[in-house]
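K.L.:
Need a 3D model of the sequence below.
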Amino acid sequence: MTEIERIADQHERAFDGDPWYGFSLMKLLSGVDARKATARPIPEAHSIWEIVLHVTAWEGAMLVRLQSGSVALPEDGDWPAIQGTGEDEWQRVLNHLKHTHRTLCETIRNVSPWRMDEMLGSERDLATGGGYSVGGSLHGIIQHNVYHAGQVALLKKALG
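P.N.:
Residues are numbered from 1 along each chain as shown. Below you'll find the predicted structure:
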């Protein structure tokens, strides 16, 4: 298995597969309705809905980086605002997450091995994640998604 195949595999496992550490993000989101998604069982924490928007935004930002080499904050911002709180809107948000993820997965699988050491951004920028190689950035988006999946798990437990 090549490094890019390993990365694509881990990216998919963390999102909707069978990851080593426990439950994937989509497994954790199973059974979460709009009411639960907007709840704040931990008052100062983000809601599940906000986390899903954030993960989607950064998956989209990674897609842009791989396609253009441009490093910037996600188009809709780091933490996009919730536009509605109904069940239809929640399903639209989940579908957008799935679509963005599938598109990023396809793009990852087509990354040439020679690009793995290519730098994205000229210097380290914590806000945008710039200054990392393509390979480091791909590992980073997996780490990012796993981190936020852990938050979703804790929020679900807090909701009972």
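K.L.:
Okay, helices next: where are they in the chain?
P.N.:
Listed in chain order, the helices of the chain (DSSP state H) span 3-16, 25-29, 34-38, 48-68, 87-109, 134-159.
K.L.:
residue closest to the middle of this structure?
P.N.:
Centrality entry for the chain: nearest residue to the mean C-alpha point is V55, 3.4 Å, by C-alpha atoms, centre = their mean.
K.L.:
so who does that one touch?
P.N.:
Residues near V55 by C-beta atoms under 8 Å, 6 or more residues apart in numbering: 25, 97, 144-145, 148. For every residue, glycine as well, the C-beta is placed using N, CA and C.
K.L.:
got a markdown table for those residues, with pLDDT too?
P.N.:
Formatted as a markdown table, these follow (pLDDT from 0 to 100):
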| residue | pLDDT |
| --- | --- |
| L25 | 98 |
| L97 | 98 |
| H144 | 97 |
| N145 | 98 |
| H148 | 98 |
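K.L.:
And those residues, which of them are buried?
P.N.:
Among those, those scoring as buried are 25, 97, 144-145, 148 (criterion: 16 or more other C-beta atoms under 10 Å).
K.L.:
Please identify the buried residues of the helix or strand of the chain at the bottom of the mean pLDDT ranking?
P.N.:
Across the helices and strands of the chain, mean pLDDT, DSSP states H and E gives its lowest value to strand 119-125, namely a mean of 86. For strand 119-125, burial by neighbour count (16+ other C-beta under 10 Å) applies to 120-121.
K.L.:
No further questions, thank you.
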